[in-house]
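Asker: The following block contains a protein sequence and its predicted model.
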Amino acid sequence: MAQHTLEVLVENSPGVLARVSGLFARRAYNIERLTVGPTANPEVSQMDIVVSVEGHALEQVIAQLDKLINVIAIKEIKPESAPEVHDTQPDYQN
Amino acid sequence: MSQVTGAQSLVSSLEAAGVDVMFGIPGGAILPAYDPIFDSKIRHILVRHEQGAGHAATGYAQVTGRVGVCIATSGPGATNLVTPLADAAMDSVPMVAITGQVPSLAIGTDAFQEADIRGITMPFAKHNYLITDPADIPRAIAEAFHIASTGRPGPVLVDIAKDALQKMTEFNYPTSVNLKGYQPRLEPNAQAIADAAALITQSSKPVFYVGGGVIKADANRELLEIANLLGAPVVTTLMARGAFPDSHPLHLGMPGMHGTVAAVTALQKADLLITLGARFDDRVTGKLSTFATNAKVIHCDIDPAEIHKNRFADVPVIGDLKHTLQALIPALKAALAKNKPDLTAWLRQMNSLKSTYPLGYGQPSDGSLSPQYVIERLGKISGPDTIFTSGVGQHQMWAAQFINYENPRTWLNSGGLGTMGYAVPAAMGAKVGAPDTTVWAIDGDGCFQMTNQELVTCALNDIPVKIAIINNESLGMVRQWQTLFYEGRYSNTSLESKRVPNFPMLAEAMGCVGLSCERPEDVDATIEKAMNINDQPVVVDFRVHRDAMVWPMVAAGTSNDDIMIARETAPDWDSQEL
Ligand SMILES: Cc1ncc(C[n+]2csc(CCOP(=O)(O)OP(=O)(O)O)c2C)c(N)n1
Ligand SMILES: [Mg+2]
């Protein structure tokens, strides 16, 4: 299975790590690695999440993550190219 | 600004959010809030079990389209709300639950009546809050109502530490809510609308696959318009009964495990599913890999995470369904003006299935009462404006099948979670939301024994609901599976509820009128008698025969192609031109 790195900006609110890790657990997505760190904005933290999924499952992970109210933005970091910004409309970017 | 308690700030916030009624039970941690509730113009209905408060909030929300509100204390009060919150999440019901929490310094110490209700509800609540600072109360309430009622609706829990309710604060209700991480998309993408319209004109076997989202979006008029415009058949899922009139000639009925042959087959044989606010639930699709294998999919939904979740969508359209249909209708009109597909053969095939395989049932040979007959008569006698709620089981499926729904928000049931015990408290909430409408709960003898205590609440609070217990003296749906899949070994499904309890006496004890009926010739008169009692709740014990089964049926995990219309009886496919 391919590994994908997601850079997730979250509100720095209590429980946000539990929300994110709980989502991965209950939807049976495999987390390979998860790190949390501060950003320049004290109200926002950044989570770097490495997941192993294929194809549409990645879109599902991103869409489900984006449903969390405390998740502000999600970027997929492609190994050799510029980061791909995901919004939640999989096939039509507005 | 003058100083008020956090509790007063909470009640003022609820008033500012437009709450007119809430259902709940007080207790230690939430007690400070109950003092200002005493003076508030908000009607508080004191229930007998918090589960009843939660389902009542759902019933109220499903009927009115507004946010349903329930309130409970910490620990057991809060955990009793877990089932209705999970239920509301599965059926996308806008709900706000307020719970008291132990004082902030006691959190994490296993204090008396401490339960981490935020943690417990995290997996399914649309969002939740733990408030320990009274200054945060107005913002949390404003956000909770905003989140619950916008986008894909859902339940939001606000857990408030007792000391935050007691401390002094300023009441300052926000005029707007701005959440960085939550901006539901209402307007569909123009290209998606154009693609959807184009795909529809290329289809010769389209079906409107209609889910509960159409009702949530108040898009039933738009649905009627687009269905008439295209002239394609329509199926309405369990959550969408009433979204499209059952009397409409294009309506093929309900699809799914207990759907009509015509509705199930329409999805299977379609070349295009125009999916509106539905989510490809396993109870609709049957074995997913064999579901509608030749169909392209247009999937219109407000929740982007539904797209491609169970079924790949050729054209996803994300947005509020009302906006989506309002954009799609003119686009489709223009496209059809250039290229109108001929649907005659398709409609002929579907109408042939509809007339060959109507829903039906056999009358018991011993002259005893047939449950389907009772339910059919309830629908006929009380008419299309009546609101029906149901429990979960055979009676639920018959209520979905044998009552004609003509209007949205007249059929309330627990579709996603399948919560036994939903019917009575949901009927209570529905009647509070629509006091001038007749509300019938069609309940099972098993389900009724889970939540009937709320009839006391109804009796004392002038909430005259009507309950039809379909008493087959068993956990009928489970018994049906035992008949079909466990060689008739009826392990623990006999309730003996024709012996105990005596339902009419139980009803009378709770301040309701109790009636009983066990002969077909008495059904109409009993229903009419119940219809004429409007100053008290009424409970009718319909003592039906216990071997009736729900048909058609697609057995769990099998393909919709293997639908059975009776035991070991498949439709005669050879005689159908498909
Ligand atoms: C809370 C809960 N427990 C168990 C079940 C499993 N279950 C589904 S239907 C059913 C039987 C319901 O019996 P009854 O209310 O008498 O309805 P009937 O099927 O007889 O019409 C059971 C036990 C459930 N859906 N919900
Ligand atoms: Mg029963």
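Answerer: In hand now; what should we look at? Ligands and ions are numbered 1, 2, ... in the order given.

Asker: what residues are up against the residue nearest the centre of chain B?
Answerer: Nearest to the mean C-alpha position of chain B, by Cα atoms, centre = their mean, lies residue B:413 at 4.0 Å. Residue B:413 makes contacts with B:238, B:239, B:389, B:390, B:392, B:396, B:399, B:400, B:422, B:423, as judged by Cβ atoms under 8 Å, 6 or more residues apart in numbering or on different chains. For glycine as for every other residue, the C-beta is placed from the backbone atoms N, C-alpha and C.

Asker: From these, which land in helices?
Answerer: Those of those mapping onto helices are B:396, B:399, B:400, B:423, per DSSP state H.

Asker: what are the ranges of the helices in chain A?
Answerer: A:16-26, A:56-67.

Asker: Can you check which of these gets nearest to chain B?
Answerer: helix A:56-67 (3.8 Å; Cβ to the nearest Cβ).

Asker: was I right about residue B:269 contacting residue B:578?
Answerer: Yes. Between residue B:269 and residue B:578 there is a contact at 5.8 Å, judged by Cβ atoms under 8 Å.

Asker: sorry, back to before: just put the helices of chain A in TSV and tack on mean pLDDT.
Answerer: Putting the helices of chain A into TSV (pLDDT from 0 to 100) gives the following:
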stretch	mean pLDDT
helix A:16-26	94
helix A:56-67	92
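
Asker: now those as TSV including mean neighbour count?
Answerer: Converted to TSV, those look like this (neighbours: other Cβ atoms under 10 Å in any protein chain shown):
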stretch	mean neighbour count
helix A:16-26	16
helix A:56-67	20
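
Asker: ok, which stretches of the stretch 351-500 of chain B are helices?
Answerer: Using DSSP state H, counting those that start in this stretch, the helices of the stretch 351-500 of chain B run over B:371-382, B:394-402, B:423-433, B:445-451, B:454-460, B:476-485.

Asker: mean confidence score for the last one?
Answerer: Read it as helix B:476-485. Throughout helix B:476-485, pLDDT has a mean value of 98.

Asker: For that helix, name the packing helices and strands.
Answerer: Applying 3 or more Cβ pairs under 8 Å, 6 or more residues apart in numbering or on different chains; DSSP states H and E, one finds that helix B:476-485 contacts helix B:394-402.

Asker: Run through who's touching the helix it packs on.
Answerer: For helix B:394-402, the external contacting residues (Cβ under 8 Å, 6+ apart) are B:238, B:241, B:253-254, B:258, B:260, B:359, B:361, B:371-372, B:375-376, B:379, B:388, B:390, B:411, B:413, B:442-444, B:447, B:470, B:472, B:476-477, B:480, B:548-550.

Asker: for the chain, which spans come out with low pLDDT?
Answerer: By default, I'm working from chain A. Counting by pLDDT under 70, chain A shows low-confidence ranges at A:80-94.

Asker: right idea, wrong chain: chain B
Answerer: In chain B, residues with pLDDT under 70: B:1.

Asker: ok, which residues in it are in contact with ligand 2?
Answerer: B:444, B:445, B:446, B:472, B:476 (Cβ under 5 Å from the ion).

Asker: Just to check, the first one is in contact with residue B:422?
Answerer: Looking back up the chat, that one is residue B:444. No. Judged on Cβ under 8 Å, residue B:444 makes no contact with residue B:422 at a distance of 10.6 Å.

Asker: Now do the contacts for the closest residue to ligand 1 within chain A.
Answerer: Closest to ligand 1 within chain A is residue A:26: 20.4 Å, counting by Cβ to the nearest ligand atom. If you count contacts by Cβ under 8 Å, 6+ apart, residue A:26 has them with residue B:123.

Asker: Could you do the one 4 residues further on as well?
Answerer: For residue A:30, the contacting residues are A:1, A:24, A:51, A:52, A:53, taking Cβ under 8 Å, 6+ apart as the criterion.

Asker: I'd like to know which of those residues are buried.
Answerer: A:24, A:51, A:53 (16 or more other Cβ atoms under 10 Å in any protein chain shown).

Asker: residues contacting the first one?
Answerer: To tie it back to what came earlier, the one meant is residue A:24. Taking Cβ under 8 Å, 6+ apart, one finds A:30, A:31, A:49, A:51, A:61 in contact with residue A:24.

Asker: Which residue, other than its chain neighbours, is closest to residue B:452?
Answerer: The shortest distance from residue B:452 to any non-neighbouring residue, by Cβ to Cβ, 6 or more residues apart in numbering or on different chains, is to residue B:424 (5.6 Å).

Asker: measure that neighbour to ligand 2 for me?
Answerer: Residue B:424 is 14 Å from ligand 2, where distance means Cβ to the ion, to the nearest Å.

Asker: is it true that that residue touches residue B:454?
Answerer: Yes. Residue B:424 is within contact range of residue B:454, at 5.2 Å (criterion: Cβ under 8 Å).

Asker: list residues touching both of these two?
Answerer: residue B:52.

Asker: related to what we said a few turns ago, inside strands: which ones of the contacts of residue A:24?
Answerer: A:30, A:31, A:49, A:51 (DSSP state E).

Asker: Any part of stretch B:499-510 near ligand 1?
Answerer: No. Between stretch B:499-510 and ligand 1, judged by Cβ under 6 Å from any ligand atom, nothing touches; the nearest distance is 11.9 Å.

Asker: If you count neighbours, what's buried in that stretch?
Answerer: For stretch B:499-510, burial by neighbour count (16+ other Cβ under 10 Å) applies to B:501, B:503, B:504, B:506, B:507, B:510.

Asker: who touches the longest helix anywhere in chain B?
Answerer: In chain B, taking DSSP H as the definition, the longest helix is helix B:321-338. Contact with helix B:321-338 is made by B:186-188, B:190, B:193-194, B:196-198, B:200-201, B:213-214, B:216-219, B:222-223, B:225-226, B:229-230, B:276-277, B:300-302, B:317, as judged by Cβ under 8 Å, 6+ apart.

Asker: how far is that helix from where the chain is centred?
Answerer: Remark: helix B:321-338 is offset 29 Å from the chain centroid, using Cα atoms, centre = their mean, to the nearest Å.

Asker: repeat for stretch B:204-224
Answerer: So, by Cα atoms, centre = their mean, the centroid of stretch B:204-224 is 16 Å from its chain's centroid.

Asker: Now do it: distance from first to last residue.
Answerer: End-to-end span of stretch B:204-224 (Cα to Cα, to the nearest Å): 20 Å.

Asker: any idea how far residue B:276 is from residue B:209?
Answerer: 7 Å (Cβ to Cβ, to the nearest Å).

Asker: so who does residue A:36 touch?
Answerer: A:17, A:45, A:46, A:47.

Asker: correction: residue B:476
Answerer: With Cβ under 8 Å, 6+ apart, residue B:476 has these contacts: B:393, B:394, B:395, B:444, B:446, B:493, B:546, B:548.

Asker: try 7 Å this time
Answerer: Counting by Cβ atoms under 7 Å, 6 or more residues apart in numbering or on different chains, residue B:476 makes contact with B:393, B:394, B:444, B:546.

Asker: related to what we said a few turns ago, compare the ones in helices among the contacts of residue B:413 and tell me which has the most neighbours.
Answerer: Highest neighbour count within those: residue B:423, with 37 neighbours (other Cβ atoms under 10 Å in any protein chain shown).

Asker: you'd agree that residue is up against residue B:449?
Answerer: No. If you go by Cβ atoms under 7 Å, residue B:423 and residue B:449 don't touch, sitting 11.6 Å apart.

Asker: Show me which residues of the stretch 301-450 of chain B sit near chain A.
Answerer: B:304, B:305, B:307, B:308, B:309, B:316, B:318 (Cβ under 7 Å from any Cβ of the partner chain).
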